[in-house]
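S.K.: Predicted model, plus sequence, below.
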Amino acid sequence: MTVKTYFEGTVNVPSSIRILGSGVGAATSDLTSQKGVTIARTGVGLHTVTLPRKYAGLLACNLSVKSTATVANWQAMLLVDSVASAGTFTIAILGSAVDHTNSNKAIDLSTAEKLFIDVTVEDSSVKPAGF
């Protein structure tokens, strides 16, 4: 007997697209081993993420950091949404609450950390009611 797994979903925004990406920390340089998107370092703990092209809008942005060195509560947050005008958005990586010297300060990721990006964009300029 073969078990088939599938996902069937509906969305309330027509023409929504999910884009996944990742990159490995590189201290004071752009992230390495990038997949799905381009991630450029623009300052300490600050990065500009470039999507494949411009989209009508950013609907959701989920960011997380995995560390292979020590368990930490990294925070990654969206700062600037320029998806409609430039196909980019800017994020900040903040130190963990566990690391009290860097808590809530923008810091660079080392090669032991990996950033994961999961965004949903709108590919239509026609927005449904409520958006």
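M.R.: Nice, I can see it.
S.K.: Compute the mean per-residue pLDDT across stretch 59-76, please.
M.R.: Summarised as a single mean, pLDDT over stretch 59-76 is 83.
S.K.: Mind listing residues that contact it?
M.R.: 13, 16, 77-78, 81, 89, 91-99, 104, 109-110, 112-122 (C-beta atoms under 8 Å, 6 or more residues apart in numbering). No exception for glycine: its C-beta is placed from N, CA and C like everyone else's.
S.K.: Show me which of the residues you listed are buried.
M.R.: Buried by 16 or more other C-beta atoms under 10 Å: 13, 16, 78, 89, 91-96, 109, 113-117, 119-122, out of the contacts of stretch 59-76.
S.K.: among those, which are in strands?
M.R.: The strands, defined by DSSP state E, take in 16, 78, 89, 91-94, 113-117, 119-122 from the buried ones among the contacts of stretch 59-76.
S.K.: Just want the most central residue of the protein.
M.R.: For the chain, residue 117 is the residue whose C-alpha lies nearest the centre (C-alpha atoms, centre = their mean; 3.1 Å).
S.K.: give me the beta-bridge partners of that residue?
M.R.: residue 21, residue 63 (DSSP bridges).
S.K.: show me the contacts for it.
M.R.: Contacts of residue 117 (C-beta under 8 Å, 6+ apart): 19, 20, 21, 22, 36, 37, 39, 49, 61, 62, 63.
S.K.: could you redo the last one with a cut-off of 7 Å?
M.R.: Neighbour list for residue 117: 20, 21, 22, 37, 49, 63 [criterion: C-beta atoms under 7 Å, 6 or more residues apart in numbering].
S.K.: Ends of stretch 40-54, what's the gap?
M.R.: Terminal residues of stretch 40-54 lie 17 Å apart, using C-alpha to C-alpha, to the nearest Å.
S.K.: Give me the contacts around it.
M.R.: For stretch 40-54, the external contacting residues (C-beta under 7 Å, 6+ apart) are 19, 29-31, 37-39, 83-84, 86-94, 106-108, 117.
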